[in-house]
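**Q** this one's structure only:
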């Protein structure tokens, strides 16, 4: 009675573990987001105290960046396979090889000047 017409198909059996993994991923990332909000509150408390403005700032920043992440994720989900591989390659190169302007020995004095 409570089953849908597609629940008996072989594809539905294969989709169930995938759905469970997505649910576990959502639970984990949601918990991590809440933990980071509490951590931000603890870090800011000695400097600014505990007030409504601090919590409003923490929550607004969190919600703004969650919305930006959801938007970017939605755009990536709409890409085709070739474009998605290109984005993945670009992201992996940018994370593994950061710009060398501030990380090389020769340019350290330019980016991080020391008082002489």
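**A** All right, it came through fine. In this text, all values refer to a predicted model and were calculated from it rather than measured experimentally.

**Q** quick check: next helix or strand after the helix ranked longest in the chain?
**A** Using DSSP state H, we find that the single longest helix of the chain is helix 10-48. Using DSSP states H and E, the next helix or strand after helix 10-48 towards the C-terminus is helix 52-78.

**Q** and that next one, what's buried?
**A** Neighbour-count burial for helix 52-78 flags 54, 58 (criterion: 16 or more other Cβ atoms under 10 Å). Where C-beta positions appear, they are placed from N, C-alpha and C, glycine not excepted.

**Q** give me the mean pLDDT for the longest helix of the chain.
**A** Averaging pLDDT along helix 10-48 gives 84.

**Q** from the contact counts, what lies against that helix?
**A** Under the contact criterion of 3 or more Cβ pairs under 8 Å, 6 or more residues apart in numbering; DSSP states H and E, helix 10-48 touches helix 52-78.

**Q** mean confidence for the helix it packs on?
**A** 89.

**Q** between it and helix 10-48, how many degrees?
**A** In terms of direction (axes from the mean of the first three to the mean of the last three Cα atoms, to 10 degrees), helix 52-78 departs from helix 10-48 by 150 degrees.

**Q** circling back: buried residues in the longest helix of the chain?
**A** Buried, per 16+ other Cβ under 10 Å, within helix 10-48: 40, 44.

**Q** go ahead and confirm residue 37 touches residue 62.
**A** Yes - counting by Cβ atoms under 8 Å, residue 62 is a contact partner of residue 37 at 5.7 Å.

**Q** who are the neighbours in contact with the residue nearest to residue 48 when sequence neighbours are not counted?
**A** Among residues not flanking residue 48 along the chain, residue 54 sits closest, at 5.4 Å (Cβ to Cβ, 6 or more residues apart in numbering). For residue 54, the contact set (Cβ atoms under 8 Å, 6 or more residues apart in numbering) comprises 41, 44-45, 48.

**Q** could you verify my assumption that residue 84 touches residue 73?
**A** No - checked against Cβ under 8 Å, the pair residue 84 and residue 73 is beyond contact range at 11.7 Å.
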